[in-house]
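Asker: A structural model of the following input is requested.
(chains A, B, C and D)
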Protein chains: 2
Amino acid sequence: MGTTLQQHQEIAAFLRNAISRKEFAPGEPLPSESELCERFHSSRGPVRQAMATLRSEGLISSGRGRRTIVLDTVPTQSFDGVISYSEWCRQSGFEPGQVTQSVTRRPADEALAAALDIEPKSPVVSVFRLRLLNGVPAMVERLNYPLDVGRHLLTFDTDSGSIYQHLISSGVDIDNATRTIDAVGADADDARLLEVAEGTPLLRVRRRAFSSNGNTIESSDDRYLPGTASFTLNTIRGNPSPLSMVSAR
Amino acid sequence: MGTTLQQHQEIAAFLRNAISRKEFAPGEPLPSESELCERFHSSRGPVRQAMATLRSEGLISSGRGRRTIVLDTVPTQSFDGVISYSEWCRQSGFEPGQVTQSVTRRPADEALAAALDIEPKSPVVSVFRLRLLNGVPAMVERLNYPLDVGRHLLTFDTDSGSIYQHLISSGVDIDNATRTIDAVGADADDARLLEVAEGTPLLRVRRRAFSSNGNTIESSDDRYLPGTASFTLNTIRGNPSPLSMVSAR
DNA sequence: ATTCGAAACCTGTATAGACATGTTCGCCGG
DNA sequence: CCGGCGAACATGTCTATACAGGTTTCGAAT
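Answerer: Have a look, this model is predicted:
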């Protein structure tokens, strides 16, 4: 954990911190690069690297000649928060909770096998949980893992906490993830668990997670009650957006 | 337009191109930095800058010691595509269309004034359009502009094409934008225009656009028919995600 | 043949300096 | 008082070099 930070990480962390507590007001300028160089006894490289990070996070806007300014601020999200509902809650200051409906070991059907990039009928482990936000139903979670990942869950109490944490500490290597966001109507299960009418609009987030050598680790489907969660993104001219809108047609 | 590209932009464009046409297969390695240096007669700086861009777009994953690998690829989106439905369609190979319902000049109510960061009752220009994808209803668009921006629209035929293009060529400076994504049920207008039942789940994207000196330029609300559009995002361990999930509670 | 270890290679990090190009601000002249 | 020019300053781009800390590979010793 407490590994020493690199300079550019230290600078980025300092700026993120100062921005989030409004020490640098939205709309007005950050210290100039040369000031930051002095303050951190660093050359321009690390400073610019930190700036580039903040820019790609949508926190600041800069340009030739002008001072770098702070944008009206959207909190950023760590990788852990992207993957794990529990982590996200904790980062946002809420209390996560879960009520497990089922943990199943079964052979994969066509669609799931394709999503996990394995042979059809290979064994998979599926988890079906209702997730709570401060004790109130907020999301329905359907997780699917290939057996060599999911086997760590068969002896795990899925009501006790974060599956992600458990997988990490079991040595599973998660390197990157793809999320697809759309809207669906609540099906019968969703409706019952979230205590709404069938067909109620839900925000759906499908996620596939991969290890650094390309193996698919997870394929999941989370459905949020509207009002519980929404997604926010800053995009800056000249920085291509990593969020791409895709048509199904 | 045809300004000469900087080296790092040229390298990034080359790699994006090669990746998108699968000349570098998903899952396997990109040329090493030193190869790219040779190929582009450049030092490591520009090459690493290009890599950093692709990484923040979620296209590649790299790490100390290992080769840089191509992730299963999500097309990226230019800033124009973020702002403009017409641009997005064109980038995705579809034919955009529009049927204007109304263009209105009126005083802002409380909520809209707050969203546009102007005094209540200041005049605003609102545009209400049905948008088509290859001739089929796909999205309901509600755009709102402060008068000094919107005045360019009062004499513009909003059925003729891209409002964004028109504003740009009228000299409006758009620097960054915030998008918030959630799900809502279709209201009476949505339902009528999209030819679905009231309450049908729609994917809503609210957008606020800003100039480089912080003025709010636009506040909009787009509602997509499910199946027409979804959002996809790659996130890589160690790169904080610019897409942040926010709870309303 | 198998295993272990060192060399080769790769990306990450940092330094220092140079020049390009846009913005801001103040001085000076009209 | 105002306008315009220029200096100072800001960020963007590029080069060259060095070292750190991982992975891969291949050869030598067992």
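Asker: Report the contact partners of the closest residue to A:Ala186 other than its chain neighbours.
Answerer: Sequence neighbours aside, A:Thr200 is the residue nearest to A:Ala186 in space, at 4.6 Å (criterion: C-beta to C-beta, 6 or more residues apart in numbering or on different chains). (Each C-beta comes from the backbone N, C-alpha and C, glycine too.) If you count contacts by C-beta atoms under 8 Å, 6 or more residues apart in numbering or on different chains, A:Thr200 has them with A:Gly185, A:Ala186, A:Asp190, A:Ala191, A:Leu194, A:Pro226, B:Gly185, B:Pro201.
Asker: Most neighbours out of the residues you listed, which is it?
Answerer: Neighbour tally across the contacts of A:Thr200 (other C-beta atoms under 10 Å in any protein chain shown): the maximum, 24 neighbours, falls on B:Pro201.
Asker: hang on, isn't that one packed against A:Pro201?
Answerer: Yes: using C-beta atoms under 8 Å, B:Pro201 is in contact with A:Pro201, at 3.6 Å.
Asker: so what sits against both of the two?
Answerer: Joint contacts of B:Pro201 and A:Pro201 (C-beta under 8 Å, 6+ apart) are A:Ala183, A:Val184, A:Gly185, B:Ala183, B:Val184, B:Gly185.
Asker: Chain neighbours aside, what residue packs nearest to the last one?
Answerer: Counting by C-beta to C-beta, 6+ apart, B:Gly185 lies nearest to B:Gly199, which is 4.2 Å off, once chain neighbours are set aside.
Asker: same deal with the fourth one?
Answerer: In space, not counting the residues next to it along the chain, B:Ala183 is nearest to A:Ala183; the distance is 3.8 Å by C-beta to C-beta, 6+ apart.
Asker: Can you read off the backbone torsions of the residue nearest to A:Ala186?
Answerer: The phi/psi pair for A:Thr200 (degrees, to the nearest 10) reads phi -60, psi 140.
Asker: Roughly how far does it sit from B:Ala114?
Answerer: A:Thr200 sits 28 Å away from B:Ala114, going by C-beta to C-beta, to the nearest Å.
Asker: same deal with A:Arg44?
Answerer: Between A:Arg44 and B:Ala114 the computed distance is 40 Å (C-beta to C-beta).
Asker: What of A:Pro29?
Answerer: In terms of C-beta to C-beta, A:Pro29 sits 25 Å off from B:Ala114.
Asker: Paired strands for the helix-or-strand element of chain A with minimal mean pLDDT, with orientation please.
Answerer: The least trusted helix or strand in chain A, going by mean pLDDT, DSSP states H and E, turns out to be strand A:243-246, with a mean of 80. Using DSSP bridges, the strands paired with strand A:243-246 are strand B:230-236 (antiparallel).
Asker: Pull the residues that contact the partner strand.
Answerer: Residues contacting strand B:230-236 (C-beta under 8 Å, 6+ apart): A:79, A:82, A:175-182, A:231, A:242-246, A:248, B:55, B:57-59, B:61, B:71, B:74, B:181, B:203, B:241, B:243.
Asker: if we go to 6 Å?
Answerer: Around strand B:230-236, the neighbours that count as contacts under C-beta atoms under 6 Å, 6 or more residues apart in numbering or on different chains are A:82, A:176-182, A:242-246, B:58, B:61, B:71, B:74, B:241, B:243.
Asker: Kindly report the same for stretch A:10-24.
Answerer: Counting by C-beta under 6 Å, 6+ apart, A:Leu30, A:Phe40, A:Ala50, A:Thr53, A:Leu59, A:Val70, A:Thr73 sit against stretch A:10-24.
Asker: of the residues you listed, list those near DNA strand D.
Answerer: Contacts with DNA strand D within the contacts of stretch A:10-24, as defined by C-beta under 7 Å from any atom of the strand: A:Leu30.
Asker: Next up, phi/psi of the residue nearest the centre of chain A, please.
Answerer: Nearest residue to the geometric centre of chain A (C-alpha atoms, centre = their mean): A:Val82, 0.9 Å. When read as degrees, to the nearest 10, the backbone of A:Val82 gives phi -70, psi -40.
Asker: and it, what does it touch?
Answerer: B:Thr235, B:Ser241 are the contacts of A:Val82 under C-beta under 6 Å, 6+ apart.
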